[in-house]
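Q: here is the input, now give the coordinates:
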Amino acid sequence: MGNLESINKVEQSEDVFGQYIEKGEKEAVNLMKERFDNNPDERNRLDFHNAQHTNDIIRRTKNILSALEKIGFASWHDIEIGTLAAAFHDTTQKWEESIIQDGPLSKIIRKRFTGENENTSAEEAVAFMEKSNQEVRQEIFSLKDINMAREAIIATIPGFNLELKTVVQPNLNGHSSFIARALALADLGAAGMDGPKVFCREGDAVFREENLDIMDKLKNLNALSDKEREYLRERMLNWTRSQSRFASGRKALLETELQGMPESARNEIKKLFKEFDRSIEATEKSAEKRQFFSFEELVCDMGYKI
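A: I've put the predicted structure just below:
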């Protein structure tokens, strides 16, 4: 009888844990919608850092951790903590305008508070977990769970590799937990995991989100001089050309980013990153095609609504 009671308590505890993971996931996605998808301020309605991106990262993180679960390297509990961390990883997006002189012209870029955003997002995840423990007056989330979620989100702080022309994550290293690795790899994983359609969509969305002046200028196309049109056109084309280098850099770094993990785990993750070549080819073709577009055609193809 004692064993049965113990089993029932474990099952009930897992049920509550699963319910709160689901609650946290929904809460985080709703925060993204409220703050960035449906924000009344147009400049805070973000094209990339929004609910769709969050859902994509949740999916990719789950796929990586589920692959590790199949070989006994991760548990259901780990997948759930990874899911919660993925849900909260971008809930804070503070930024300011940055005016950059670009020859005789200038551009206005969205300068993110890199590091601060990820740390604050991590603390929002921690706050949810601690509040959940208080609600049910029991330890749904252990201190280990809380620290794992925090570490995973902080691992997504971006940097840039000038040699490879791609985004890197300096906090990701050989000592990082596999949950942190899963989230970090998922966050930059479109080119390798999802392929051309998602990778190209994400790339255009990042460009629209970062280039504040273009968003403003396109509200009145007729007021643009030929010189301004050509300047904006070159920025869009240069960005498109950069995307194949971004994907190539991510491909080159994968082995390094998996260092410290057992070979079986590395092999399972690498199986999920099989779309790099297709993504690289697609972005090269897009760059070639777009150079022959009219200004209006290029603007529309980049996802702007005019």
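
Q: how about the strands in the chain?
A: For the chain, the strands defined by DSSP state E cover 95-102, 105-112, 159-161, 166-168.

Q: so what's the spatially most central residue of the chain up against?
A: Nearest to the geometric centre of the chain sits D187, at 3.6 Å (CA atoms, centre = their mean). For D187, the contact set (CB atoms under 8 Å, 6 or more residues apart in numbering) comprises I57, H89, T156, Q169. To be clear about C-beta, it is placed using only N, CA and C from the backbone, and glycine gets the same treatment.

Q: just the strands of the chain: most buried one?
A: strand 166-168 (a mean of 18; mean count of other CB atoms under 10 Å).

Q: now the helices for this structure?
A: Using DSSP state H, the helices of the chain run over 2-32, 51-70, 76-88, 116-136, 143-154, 178-187, 196-210, 212-217, 226-257, 263-272, 276-290, 295-301.

Q: which one of these is the most hemmed in?
A: The most buried one of those (mean count of other CB under 10 Å) is helix 178-187, showing a mean of 26.

Q: quick one: it to helix 226-257, angle?
A: Angle, helix 178-187 to helix 226-257, by axes from the mean of the first three to the mean of the last three CA atoms, to 10 degrees: 150 degrees.

Q: quick one: helix 178-187 to helix 263-272, angle?
A: Using the same axes, to 10 degrees: helix 178-187 against helix 263-272 is 20 degrees.

Q: alpha carbons of helix 178-187, in PDB - could you do that?
A: What follows is helix 178-187, C-alpha atoms only, in PDB (Å, rounded to 0.1, in the frame of the first residue of the first chain):
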ATOM      1  CA  PHE A 178      22.300  20.300 -22.600                       C
ATOM      2  CA  ILE A 179      19.200  22.300 -21.900                       C
ATOM      3  CA  ALA A 180      21.100  25.600 -22.500                       C
ATOM      4  CA  ARG A 181      22.700  24.100 -25.600                       C
ATOM      5  CA  ALA A 182      19.300  23.100 -26.900                       C
ATOM      6  CA  LEU A 183      17.700  26.500 -26.500                       C
ATOM      7  CA  ALA A 184      20.800  28.400 -27.800                       C
ATOM      8  CA  LEU A 185      21.000  26.200 -30.900                       C
ATOM      9  CA  ALA A 186      17.200  26.400 -31.500                       C
ATOM     10  CA  ASP A 187      17.300  30.200 -31.200                       C
END
